[in-house]
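*Asks:* The following block contains a protein sequence and its predicted model.
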Amino acid sequence: MLMEQATTVRKEWSSVCDGVIHEKPIFIKRTRDKMWFSSLDTMSYILAAYNFTAEKFIEDDGSITLSLNEIDLIENGKDEQDARLNLGKAILEYSFDFYNEYELYSRTPNRKNHIPYIFRALIMDDSSMIGESIQCRDGEN
C-alpha cells in the first residue's frame, strides 16, 4: 500500500494538506499505526452510500412517528415534516454524543456499526438537511 511516513508528513504539513484538499487522499504510517487523511468532500462522497431510513407510523391522534432503522432512535411530530426535523435533531445530537465518547461507543458491539452514519451526520452538520435526507416507508401499526 502507498504509505507516507508520519515524519515526512509532519515536515511537509502545509504541502501535504494542500495535496489532500486539491489532489487526493493519502495514507500515513507511524510505526505500526496506519491512517487515512482526506478532505471532508471526499469523506462525504464515500459516506453517501450510508442512507438514513425510517419506518413511518401514523398515530391515533394523526401525528407521525418515525423509527430510524440504522440507529435506535424514534421521534414523533405533528406531521411528517415535523417528525423528520425532530429525528434529524436526534440523529445529530446522538452523533455529537457518540463522537465525544468515541473511545467507548466505537468499541461497543451494538454501536460499532453506527460509525459511518455518525460521521455522515457530523459532516452534514445540519439537522434539517439530515431530516430531509431520511428515506421513509410506511410501517405496520
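*Replies:* Nice, thanks for sending it over. Residues are numbered from 1 along each chain as shown.

*Asks:* Just give me how far the strand or helix carrying S15 sits from the chain centre.
*Replies:* S15 belongs to helix 13-22 when assigned by DSSP states H and E. Relative to the mean C-alpha coordinate of its chain, helix 13-22 is positioned 24 Å out (C-alpha atoms, centre = their mean, to the nearest Å).

*Asks:* likewise stretch 17-33?
*Replies:* 21 Å.

*Asks:* ok, now which ones touch D126?
*Replies:* 88, 92 (C-beta atoms under 8 Å, 6 or more residues apart in numbering). For glycine as for every other residue, the C-beta is placed from the backbone atoms N, C-alpha and C.

*Asks:* From L85, how far out is it?
*Replies:* D126 is 11 Å from L85, where distance means C-beta to C-beta, to the nearest Å.

*Asks:* Equivalent analysis for R111, please.
*Replies:* Note on R111: its distance to L85, by C-beta to C-beta, is 24 Å.

*Asks:* Please apply the same query to K56.
*Replies:* When C-beta to C-beta is applied, the distance between K56 and L85 equals 14 Å.

*Asks:* That'll do, ta.
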